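Visitor: Fold the stuff below for me.
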Amino acid sequence: GTHQVLEQLQRISGGAKFNPIPLPTPEDAAAVLREGDVVWLETPRNPDCHVADVAAYADAARELGGVRVVVDSTFAPPPLQRAL
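Guide: Residues are numbered from 1 along each chain as shown. As a prediction, the model looks like this:
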């Protein structure tokens, strides 16, 4: 679902780029992320239920500057996940 929405937005945006990459660890984020990038976290991840360390990704984004973190927590709303 999210992948398809982002591809559609890229087609109609007039210049936005969508380039999915494997999610780096928060420690490796600086090596692959640049200003203007968005880290899209699905947590818990479907289908394996991996829970991302949202706070660590938010910290890494803050350190890099200009990187946004978006959290899709469809299966665990904020009161249950308590991400931050």
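
Visitor: Surely V32 touches P24?
Guide: Yes. Using Cβ atoms under 8 Å, V32 makes contact with P24 at a distance of 5.2 Å. For glycine as for every other residue, the C-beta is placed from the backbone atoms N, C-alpha and C.

Visitor: the more surrounded of these two?
Guide: Neighbour count, other Cβ atoms under 10 Å: between V32 and P24, P24 has more, with 15 against 12.

Visitor: which residues touch the more buried one?
Guide: Taking Cβ atoms under 8 Å, 6 or more residues apart in numbering, we find P24 in contact with 31-33.

Visitor: those helices in this structure, which residues are they?
Guide: For the chain, the helices defined by DSSP state H cover 2-13, 29-32, 54-64, 78-81.

Visitor: Packed most tightly, which of those helices would that be?
Guide: With neighbours defined by mean count of other Cβ atoms under 10 Å, none of the helices of the chain is more surrounded on average than helix 54-64, at a mean of 16.

Visitor: just how off-centre is it within its chain?
Guide: Relative to the centre of its chain, helix 54-64 is centred 11 Å away, using Cα atoms, centre = their mean, to the nearest Å.
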